[in-house]
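**Student:** Build me a model:
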Amino acid sequence: MYSTLSEGTEYYKHVDEVMSNPTVWEGKRLQLHGFVVDHSILRKPDTLDYRFQVQNNGKVVPVRYTGVVPDTFKGGAEVVLKGRLDGSGFQVEANGVMAKCPSKYEAKSSPATAGG
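**Tutor:** Numbering: from 1, shown residues only. The predicted structure follows:
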């Protein structure tokens, strides 16, 4: 039995996977995983138009999004974006920005363990 992938299929990919060969992914629906580049978030005044960059393992992609972003969206945040790659970057669809909440249980360096 054979099955076909429909146009609606979404691939879950990391920025470095996609940007190592972007032409393969242009026009396809993707869920793109990466980290917001610090100080890259620009918002057009009095609008919900955002421009920012997302990176993973040294590869970076410019991103465009119009809409409300989660409270946890900031530089360094881990994000999953839904949308499509085109020749100018990644265009996020409506409500397509998901930012992971940083864990309140992240390991912190303590005097007892720092410097061993």
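**Student:** Give the buried residues for the longest strand belonging to the chain.
**Tutor:** Counting residues, the longest strand in the chain under DSSP state E turns out to be strand 89-99. With burial defined by 16 or more other CB atoms under 10 Å, the residues of strand 89-99 counted as buried are 89-90, 92, 96-99. Every residue, glycine included, has its C-beta placed from N, CA and C.
**Student:** got a list of what the residue nearest to Thr47 when sequence neighbours are not counted touches?
**Tutor:** Leaving aside its sequence neighbours, Thr47 sits nearest to Thr66 (CB to CB, 6 or more residues apart in numbering; 7.6 Å). The contact partners of Thr66, by CB atoms under 8 Å, 6 or more residues apart in numbering, come to 47-50, 94.
**Student:** Any regions of the protein where pLDDT drops low?
**Tutor:** Low-confidence segments of the chain, defined by pLDDT under 70, span residues 1-9, 102-116.
**Student:** With respect to Ala77, which of the contacts of Thr66 is nearest?
**Tutor:** Ranked by distance to Ala77 (CB to CB), the contacts of Thr66 are led by Tyr50 at 12.8 Å.
**Student:** any idea where the helices of the protein begin and end?
**Tutor:** Under the criterion DSSP state H, the chain contains helices at 15-19, 22-25.
**Student:** and for the first one, what are the contacting residues?
**Tutor:** So that's helix 15-19. Outside helix 15-19, the residues that touch it by CB under 8 Å, 6+ apart are 25, 30, 32-34, 54-61, 85.
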